[in-house]
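S.K.: heads up, no residue letters with this:
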């Protein structure tokens with residue numbers, strides 16, 4: 001009986017195993033309504049991706065990434081008047097980038113320094129982060145509740161997070 005050299009045997013076995021793999025890229029089981037996905041190579045977890053929405057309210061301009069959907073809700077001022085504001089439904093990994101923080105006019109400040117007029121509220125820790133020009137983006141999570149006016153404590157933008165059905 002003739003023996004096959006070991007390296008040749010291992011190469012043939014490797015080629016056989018590679019040929020048996022399926023190409024996962026051709027598996028098209030998702031529907032057209034499923035959100036697009038990205039893969040985080042560190043965790044091998046597939047994360048959905050959304051759009052970047054620009055929110056503008058007077059001088060306040062914010063970019064929110066990874067938005068699944070924008071809805072509208074309403075609130076009531078102290079005097080009983082109702083108002084509407086958007087609710088951004090976000091995927092995990094959403095960020096809030098300050099384009100223009102809508103800070104106060106320094107002309108009217110005693111020390112001629114602009115002051116924050118807006119903040120982000122974290123419901124879990126009951127804390128706020130004042131929005132200022134030049135800030136690093138803020139990572140949004142399930143505890144990030146809303147953007148609000150610091151003086152009036154009125155929400156102008158609320159965040160909810162996507163929950164698959």
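M.R.: Thanks, I have it. Bear in mind that the values here come from a model prediction, so they are computed numbers and not experimental data.

S.K.: Show me the beta-bridge partners of residue 53.
M.R.: Residues in a beta bridge with residue 53, per DSSP bridges, are residue 64.

S.K.: Any figure for the gap between it and residue 143?
M.R.: Going from residue 53 to residue 143 by CB to CB, to the nearest Å gives 20 Å. Any C-beta I mention is one placed from the backbone N, CA and C, and that applies to glycine too.

S.K.: and the residue positioned nearest the centre of the chain, what does it touch?
M.R.: By CA atoms, centre = their mean, the chain has its centre lying nearest to residue 94, at 1.1 Å. Going by CB atoms under 8 Å, 6 or more residues apart in numbering, residue 94 touches 50, 64-67, 88, 139-140, 159, 161.

S.K.: one step back: for residue 53 and residue 143, indicate the residue with more neighbours.
M.R.: Neighbour tally, residue 53 and residue 143, criterion other CB atoms under 10 Å: the higher count belongs to residue 53, 18 against 14.

S.K.: how close does that one get to residue 62?
M.R.: 9 Å.

S.K.: low pLDDT regions in the protein?
M.R.: For the chain, applying pLDDT under 70 flags the ranges 1-46.

S.K.: Helices of that one, residue ranges please.
M.R.: For the chain, applying DSSP state H gives helices covering 6-20.

S.K.: Tell me where it has strands.
M.R.: 37-40, 45-48, 51-57, 60-76, 82-90, 95-101, 118-122, 127-130, 138-139, 144-149, 155-161 (DSSP state E).

S.K.: As a markdown table, these with distance to residue 111 would be great.
M.R.: Listed next are those as a markdown table, based on distance: least, CB to CB, whole Å:
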| stretch | distance to residue 111 |
| --- | --- |
| strand 37-40 | 45 |
| strand 45-48 | 45 |
| strand 51-57 | 26 |
| strand 60-76 | 22 |
| strand 82-90 | 32 |
| strand 95-101 | 18 |
| strand 118-122 | 20 |
| strand 127-130 | 17 |
| strand 138-139 | 26 |
| strand 144-149 | 22 |
| strand 155-161 | 27 |
